[in-house]
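J.: Fold the following for me, if possible:
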Amino acid sequence: IGGGLFVERSGAHGYDVNPEAVQWLKRRGSYRHPESLGPQTLTFWDSLEHIPDPVRMVQCAKQWVAVSMPIYESAEAVLSSPHYKPGEHLWYWTHEGLIQWFRRRGFECREHNTMETILGRRGIHSYMFERVGE
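T.: You can find the predicted model right below:
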């Protein structure tokens, strides 16, 4: 949930692996595990790359998945990236690799932009994926 601003302003529910974030969510009555909620939309703001089992998490979304994360030019580029964080980032994707990863799970990319990179967050891309098949 990061700093909690999205949950706070949107009225959304949240899930996190950080115990402090979980407590914050629970105090607000906003904690929900995606598997129990069955949400229409899941958002992963700089977080999908931290999740041990992203397949399980993404499959909880009924229709949409929004993702913002570091994207790499190649496997070799990971090692020289400021986003290379062994033990913290568990997954590293290229643009095409992420699109294919979602496609194999029944989602198509409906939007892609690099606005965060344009605004100064080097290598951050944003996506919106829609579930297309059941």
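J.: Quick check: which element contains Ala66?
T.: Using DSSP states H and E, Ala66 falls within strand 64-72.
J.: just so I have it, where are all the strands in this structure?
T.: 41-45, 64-72, 93-94, 107-113, 124-131 (DSSP state E).
J.: And the helices in this protein?
T.: Ranges of helices in the chain, per DSSP state H, are 5-10, 19-28, 34-37, 54-58, 75-79, 95-103, 115-118.
J.: correct me, but Phe129 touches Val67?
T.: Yes. Counting by Cβ atoms under 8 Å, Val67 is a contact partner of Phe129 at 7.1 Å. For glycine as for every other residue, the C-beta is placed from the backbone atoms N, C-alpha and C.
J.: you'd agree Glu88 is up against His50?
T.: Yes. Glu88 lies in contact with His50 (Cβ under 8 Å); the separation is 6.7 Å.
J.: Compare those two and say which is more crowded by neighbours.
T.: His50 (17 against 9; other Cβ atoms under 10 Å).
J.: what's that one in contact with, if anything?
T.: Taking Cβ atoms under 8 Å, 6 or more residues apart in numbering, we find His50 in contact with Val17, Glu88, His89, Leu90.
J.: So for the third one, what's the nearest residue that isn't a sequence neighbour?
T.: In space, His89 comes closest to Glu49 once its chain neighbours are excluded; the distance is 4.7 Å by Cβ to Cβ, 6 or more residues apart in numbering.
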